[in-house]
Structure formats: structure tokens, C-alpha cells
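Trainee: Here is the input, now give the coordinates:
(chains A and B)
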Amino acid sequence: MPFLRALKFLTLALTIFVIHIFFINFFPFPINRVNIIFLFLLWLILLDRGVKIYWLAFLTVFMSEQFINLPYGASAAATLIAFVVINWFLTNILTNRNGYIVFLSAAGGLLLFRCVFFFFLFLFNLFARQKTAIGLDALIDFAWEAGLTAPLLTIIYFGAARVIKTLNPMYVSARKQIYE
Amino acid sequence: MPKQSRKKVILLAGFFVIYLTAHYLGLTGAMERAARGALIPFAAAAYGWSNNLVSKYNFFSSREKLSVELNQCLADRAKRESAEARLKNLEMENAELKKLAAFKSKKGQGMLATNVIGKNTDNIEKMVIIDAGEKEGVVVGQAVVAGDGLFVGVVARAKPDISFVRLINDNQSKIAATALNKDKSIGVVEGGFGLSVRMNFIPRGEELLVGDFVITSGLDKAIPRGLLIGQVAVSENEAYQPFQQAVLITAADLEKLSIVGVLKY
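Mentor: Okay, the predicted model is just below:
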């Protein structure tokens, strides 16, 4: 049902958005630099590489954009571009799912996201009235972001995979057959 | 990428470009306001929960630290009581002087009380979001205070329903300030990396002591004089630098803002 699917997407996007706000307020520096939106969406891409994740990403970044004092759409466009590229890499080149690949896709994805984001900010600074200063501290911020988000995603991915695998009925019955 | 997926990605990209174009043409304003209106309760709730939780877990790492902090608090209280007594005396004197000089008090200056509903969701700038915007008369540049006139920042952007307040610890924040030392040193209070606040461009020959209060100087157009910014924590006067600088402890806790006032001018 399209309506139920839309409702599910909306709830999921809202949950990610609320967790992101909670996280950046609750934790001290540098833990609050973890990009929760990126982390969750990338995790979902790693689990299910469907195009529908893009729509979820769009919905989430749309919510986030309402509370950002930056040129409208810069963050959203950078996120979407980064996800399309990562998804392509994960589908065609980095097809294995080991720790290195998960870490690499998170770190590479964030790097790409911030490069595209800086590019858009640069364009806005050139042509638009609203100027955003990009200094060394912003780069340090982003280093913290990538340095913390990528390992956390790797841990979450393998932690969750272990739980999902253990509770999967097919996996349980297969193990049962081995022991019998 | 399979052909069907490629089509869907192109569809999404097209939709996104159309949406952005509509946004910059001003066609999506009503929809975005409605979306913000729906999201504000969630954002405010998440911000409130995190603030409540943070205030509950201010642990001390050791017993010695607790003891040191307690002694510090007791000493501070004694100092404050003495200062309050002096302040009362000064207030009486001041009232008399004002009468004599027919001084026009600026107490009539309007203030709009607003709720803080969250922080900027991207960490690039240190800002809080308040639930008042252009409709309530908020304009860019207005000073924002917490508690009893503790300066926290300046309105950086006003939307119809919400506004963004640039905190004094933001890198782009620059506020003209005066230290309440014997030289009445003037300088510029700047934020650093969201973690510290510094007062720069203080003439080297002037004496700035730890504990000196720093207030707004009134040189900024929209920021009245006398709003407390903080206290000097460290004073750095290096021989090879043309100016001295000081690290400040902000008077307001910028991490736990819940209600703030926008000063109207």
C-alpha cells in the first residue's frame, strides 16, 4: 500500500531526525560531531541497496534543512549525490561486506559528502548574498565527523548483522541441520 | 546500475531540482512553514529531553574534585554576598545620581521572550533556533539574552516563524566588549570552535585580571551597553604580540539555553 509505505518512510525519517537532534545536544564535543543522519542512511544502504532509500534520504534531509542556517539545499544535494555514488560503488565495485569495505564506504562517503557540500557553499559564496565562512576549524570539525562516524557505523553494522543473523529462522534451521 | 533504478534516480534528481528551483522562486514557502510547524514540537522535545538528561548527569570524577568544587562554591558565595551588599549601596547611589542628572533610563526597551527549540542541525555554525521570527518582529542583528541580561548572541537569520541566533562561541561571532577593570579596556569578543570565547585586541599596557567581568560596550548598533558576557578566566599578554587577549567563561551556559529574550531596538 503506497500510503502505508509513505507513512513508514515518514516515521523512519522523523525518528532519524529526532535522534540526530538529541545526539548533537546530549553528547559533548567531539562525540556530538557524529553525523547521525548520514550514519543511519548509510547503514540502510548497506542493508538494502534499493532506490527507495534515496527517497528516505530526501525526506530526512528535507526535515534537517528546515533547521539549518546554510544556503538552502546545499546539504541536501550533497547528501543525495554522496548516497547515489556510494550506492553505485557498493553495487558494482565494493560488493563484499567486510569491515574494511563498511569503514571505507562510510569514510569515503562522508569525504565525498563534505567535498560536494564545500563546493556548493563555495558556489553560493560566489553568487549569493548569504556568505558562509569555511575555516580551518570547519575542516577539523569534519575530520572529527568522519573519524567518529565511520568506526561507529562499522560497529553498528557488524553488531546488528550478528543479531539479525542469529535471530534469522533460516540461519537457525541451517545450523540445526549441521549439528544433527 | 539497472535501467529501472537509473530511471528512478533520474526521477528523484529531477524532482529535487524542480523542488530547489521552486524554493528559490519562493513557491514553497507555505509548504516549508507548515513542515517546520509540524517538526518544531519534535525538535523541541528532543532538545528538551537531551537538556534534562545532561543536567542530571553532572558527575564529579573524584571525591577530591567534589571537595575542591564545594570549597570554591562556598568561597564564591561569600564573595558574592559581599559584592551584593556593595551593589545595593551602589544602586542607591546610582538612583540618586540618575535623578540628579535627569538620566533617561533605557528600561523601557522591549524584550521578546522566546523558547529555544533546538540547535542548528549542521555543526558548521554554533547557533540555536528560537520559536519567534519575522512575524513577531525579530530582525537580524538583534541582541539575545538569557536569564537576567546575560548576553548569549545575536540574531543571524530570521524566517517568518523561527530565527537563528548566532552564539558568542561561534567562529563568526564578533562583539564589541568592555572589561570592567580599572582601565575599562575595550576589545572584541570572538568565538572559537564552539568551545571557547576570547576577548581580543585589548591594549597591552592595560591590566586585565582573572575574574574581571566583561560586558557589551554598546559600540555595536543593535547591542546595548552593559549586557554581561562573562568573566576573564585566563589573561594572555605576550611580549611578541601587539595586543593582549583573554579567555572568558561565559556568564550563560550556552549548552543549556531554554528560554531567551530578544532585545528590540
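Trainee: host element of B:Glu190?
Mentor: Using DSSP states H and E, B:Glu190 falls within strand B:186-192.
Trainee: Actually, B:Gly153.
Mentor: Going by DSSP H and E, B:Gly153 is part of strand B:150-158.
Trainee: So the next helix or strand after that strand, near chain A or not?
Mentor: Downstream of strand B:150-158, the first helix or strand assigned by DSSP H and E is strand B:163-167. Yes - Strand B:163-167 lies within reach of chain A by C-beta under 8 Å from any C-beta of the partner chain, at B:Phe164. No exception for glycine: its C-beta is placed from N, CA and C like everyone else's.
Trainee: C-alpha coordinates for strand B:163-167, CSV please?
Mentor: Extracted C-alpha coordinates of strand B:163-167, given in CSV (Å, rounded to 0.1, in the frame of the first residue of the first chain):
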residue,chain,number,x,y,z
SER,B,163,15.0,32.6,13.9
PHE,B,164,18.7,31.5,14.2
VAL,B,165,20.7,33.0,17.0
ARG,B,166,24.5,33.0,16.5
LEU,B,167,26.0,32.2,19.8
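Trainee: who touches that strand?
Mentor: The contact list for strand B:163-167 (C-beta atoms under 8 Å, 6 or more residues apart in numbering or on different chains) reads A:69, B:114, B:120, B:125-130, B:132-133, B:138, B:144, B:152-158, B:172-173, B:191, B:194, B:254, B:260, B:262.
Trainee: for stretch B:29-44, same thing?
Mentor: Stretch B:29-44 is contacted from outside by A:14, A:17-18, A:21, A:62-63, A:66-67, B:23, B:115, B:117-118, B:129, B:131, B:159-162, using C-beta under 8 Å, 6+ apart.
Trainee: Of the contacts of strand B:163-167, grab the buried ones for PyMOL.
Mentor: Entered in PyMOL, the line below selects the buried ones among the contacts of strand B:163-167, by 16 or more other C-beta atoms under 10 Å in any protein chain shown:
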select buried, (chain A and resi 69) or (chain B and resi 114+120+125+126+127+128+129+130+132+133+138+144+152+153+154+155+156+157+158+173+191+194+254+260+262)
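Trainee: ok so, going back, tell me if the strand holding B:Gly153 is near chain A.
Mentor: Yes - using C-beta under 8 Å from any C-beta, strand B:150-158 reaches chain A at B:156-157.
Trainee: For that strand, which outside residues touch it?
Mentor: A:69, B:125, B:127-128, B:133-134, B:138-146, B:163-168, B:170, B:173, B:175, B:215-216, B:222-223, B:227-229, B:250-252, B:254, B:257, B:260, B:262.
Trainee: Export the strand holding B:Glu190 to CSV, keeping only CA atoms.
Mentor: Output for strand B:186-192, consisting of C-alpha atoms alone and laid out as CSV, is shown next (Å, rounded to 0.1, in the frame of the first residue of the first chain):
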residue,chain,number,x,y,z
ILE,B,186,37.8,47.6,25.2
GLY,B,187,38.2,44.7,22.8
VAL,B,188,36.4,42.3,20.6
VAL,B,189,34.8,39.1,22.0
GLU,B,190,35.2,36.3,19.5
GLY,B,191,34.1,32.6,19.5
GLY,B,192,36.4,29.8,18.9
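Trainee: next SSE after it?
Mentor: Per DSSP H and E, the first helix or strand lying C-terminal to strand B:186-192 is strand B:196-203.
Trainee: In chain B, what residue spans correspond to helices?
Mentor: B:3-24, B:29-56, B:63-101 (DSSP state H).
Trainee: what's the most buried one of those helices?
Mentor: Comparing those by mean neighbour count (mean count of other C-beta atoms under 10 Å in any protein chain shown), helix B:29-56 ranks first with a mean of 16.
Trainee: Report the angle between that one and helix B:3-24.
Mentor: Between helix B:29-56 and helix B:3-24, the angle comes out at 90 degrees (axes from the mean of the first three to the mean of the last three C-alpha atoms, to 10 degrees).
Trainee: Local confidence estimate at B:Phe103?
Mentor: We have a pLDDT of 40 for B:Phe103.
Trainee: For B:Ala222, what are phi and psi?
Mentor: Note on B:Ala222: its backbone torsions stand at phi -100, psi 0 [degrees, to the nearest 10].
Trainee: Up against chain A, what does the stretch 101-250 of chain B have?
Mentor: So the stretch 101-250 of chain B meets chain A at B:118-125, B:127, B:129, B:156-157, B:162, B:164, B:171-172, B:192-195 (C-beta under 8 Å from any C-beta).
Trainee: re earlier: the strand holding B:Glu190 pairs with which strands?
Mentor: strand B:174-179 (antiparallel), strand B:196-203 (antiparallel) (DSSP bridges).
Trainee: Report the residue spans of chain B with pLDDT below the cut-off.
Mentor: Scanning chain B for pLDDT under 70 picks out B:1-4, B:55-61, B:95-109, B:123, B:193-195, B:265.
Trainee: change it to 50
Mentor: B:103-107 (pLDDT under 50).
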